[in-house]
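A.B. asks: I need the structure of the sequence given here:
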Amino acid sequence: DVRCLVEQFDGQSIDFFGALRARVYDDKVREFISEMGIENIGKRLVNVRKGEEVTFDPPAMNLEVLLEYGKALENEQENVKRVQLADEHLDG
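C.D. replies: Numbering: from 1, shown residues only. Alright, predicted model coming up:
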């Protein structure tokens, strides 16, 4: 799976793959917030007693999800390049 992922996104920096991992964890956090309700997050995270800390099981990082996020990140990279080119063009 790792080889497939690296080959699919050939030429990407190590930061790109770190961003993929972060996206998976972001989903886990969004899920937690959705389950708790935004209004209850503070009570659950601040001044928590020992043994009541929030813990997460490591999220599943399957190849399909990582490829999906990788394509989304590449699209974001392309959009940033387009904006930069547009800015350069407008600046002269």
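A.B. asks: only C-alpha atoms from now on, for both contacts and neighbour counts.
C.D. replies: OK.
A.B. asks: give me the neighbour count for Gly70.
C.D. replies: By the other Cα atoms under 10 Å criterion, the neighbourhood of Gly70 contains 22 residues.
A.B. asks: where's it, which helix or strand?
C.D. replies: Secondary structure from DSSP states H and E places Gly70 in helix 63-91.
A.B. asks: and for Leu20?
C.D. replies: Residue-wise, Leu20 maps onto helix 14-36 under DSSP H and E.
A.B. asks: and that helix, how far out from the chain's middle?
C.D. replies: Distance of helix 14-36 from the chain centroid (Cα atoms, centre = their mean, to the nearest Å) equals 4 Å.
A.B. asks: for stretch 28-38, same thing?
C.D. replies: Its chain's C-alpha centre and that of stretch 28-38 lie 15 Å apart, by Cα atoms, centre = their mean.
A.B. asks: show me which residues of that stretch are buried.
C.D. replies: Lys28 (16 or more other Cα atoms under 10 Å).
A.B. asks: using CSV, list the CA coordinates for it.
C.D. replies: In CSV, the C-alpha atoms belonging to stretch 28-38 read as follows (Å, rounded to 0.1, in the frame of the first residue of the first chain):
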residue,chain,number,x,y,z
LYS,A,28,-11.7,11.6,13.6
VAL,A,29,-11.9,14.9,15.5
ARG,A,30,-14.8,16.2,13.4
GLU,A,31,-16.6,12.9,14.2
PHE,A,32,-15.9,13.4,18.0
ILE,A,33,-17.3,17.0,17.8
SER,A,34,-20.3,15.9,15.9
GLU,A,35,-21.1,13.1,18.5
MET,A,36,-20.5,15.4,21.5
GLY,A,37,-22.1,18.5,20.1
ILE,A,38,-20.1,21.7,19.8
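A.B. asks: fine, thanks again, bye for now.
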